[in-house]
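Engineer: One predicted model, sequence on top.
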Amino acid sequence: MESIQSALKQWTKDKNLEQRLENARKSLLADPFVKDALDKIPVTDDAIDQGLIKLYEFKNERYNCENCPGLAACPNMMQGYQPEIIFARKAIDLEYHSCSLKKQAESAKKQRQLMKSLYVPKDILTATFDELDLDRDRAEASRKALEFVVNAKPGEDGQGLYFYGRFGVGKTHLMGAIANELREREIESFIVYTPDFFREMKQSIGDGTFQEKLDMVKRAQVLILDDIGAETISGWIRDDVLGAILQHRMLENLPTLFTSNYDYDELEEHLAYSERGGIEELKAKRIMERIKHFTTFVRVEGANRRAR
């Protein structure tokens, strides 16, 4: 109590207090974030005077967002939330909404809860172009990957990539770097390990989640199908799952990226065979026409990274 009384006495002795408070008010109202927000709502001078504390909170939180250190280190009072000034009941108040990083984290959590096949190794999830092994053998693939990230326009341009190469040359790692760079551009991407994905889609018929999972993958802004060709194929998987996904994405101009140990011709041959031993060349050719038309073929060379 003595410290409060002491402070009050000090304030009453300070002849410049009123002037300093007025200067602080003017500085606050001149702040670009605050000024822009107030220009958009029909607020009165009295409401501004009564809402200075809210405006100060808004200013601090918005500058935290402007210099965002990442979701995990978010310094805002509500981690991952961004304030908006509103005028309700003749008073200034704040509403908080999820920021883009919070939305991405929530979306990724929902995706992982729904689909087990979205899980990929941690080193893939954290891959960046800065740390990639950019030797001469992988230079062209790295360049194509970076070009895609810079120019990606889901919904406008549906052109993707087809990374072909032997086991362990770094195809999936490159795709991980693409996915992380796209996240920086706030472009949603899915990486699915294709054999697990097709197996999961087959099992999901029994638990009633088939259509929800199929729609999620069909509508992703950027879809990455990792290791296509490593799965056991069936006519149903080829036509009703893969075919349906590619058809929708082709019509909506949504890019699809692939990694494979098969080139185009080898993948077409693989898709022609079914687990029952039949050969359906025409249906496989239809799938491959979609893949060929909407991807750029990129050969990924180099030593087997997994053998190190």
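Structural biologist: Yes, it's here.
Engineer: Strands along the stretch 1-150 of the chain, start to end?
Structural biologist: Along the stretch 1-150 of the chain, the stretches classed as strands by DSSP state E, counting those that start in this stretch are 81-88, 91-98.
Engineer: To clarify, my last question referred to the stretch 151-300 of the chain.
Structural biologist: Using DSSP E, counting those that start in this stretch, strands in the stretch 151-300 of the chain cover 160-164, 189-193, 222-226, 256-260, 295-299.
Engineer: Which among the ones you listed is found nearest to residue 90?
Structural biologist: Residue 90 lies closest to strand 189-193 among those, at 45.7 Å (Cβ to Cβ). (C-beta placed from N, C-alpha, C; glycine too.)
Engineer: want to throw the strands of the stretch 151-300 of the chain into JSON lines with mean pLDDT and distance to residue 284?
Structural biologist: JSON lines is the format used below for those (pLDDT from 0 to 100; distance: least, Cβ to Cβ, whole Å):
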{"stretch": "strand 160-164", "mean pLDDT": "96", "distance to residue 284": "16"}
{"stretch": "strand 189-193", "mean pLDDT": "88", "distance to residue 284": "21"}
{"stretch": "strand 222-226", "mean pLDDT": "94", "distance to residue 284": "16"}
{"stretch": "strand 256-260", "mean pLDDT": "96", "distance to residue 284": "14"}
{"stretch": "strand 295-299", "mean pLDDT": "95", "distance to residue 284": "16"}
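Engineer: what about these, which gets the closest to residue 72?
Structural biologist: strand 189-193 (20.4 Å).
Engineer: now the strands of the stretch 151-300 of the chain as CSV including mean neighbour count?
Structural biologist: Conversion of the strands of the stretch 151-300 of the chain to CSV gives the following (neighbours: other Cβ atoms under 10 Å):
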stretch, mean neighbour count
strand 160-164, 23
strand 189-193, 23
strand 222-226, 24
strand 256-260, 25
strand 295-299, 16
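Engineer: Residue 62 is nearest to which of these?
Structural biologist: strand 189-193 (28.2 Å).
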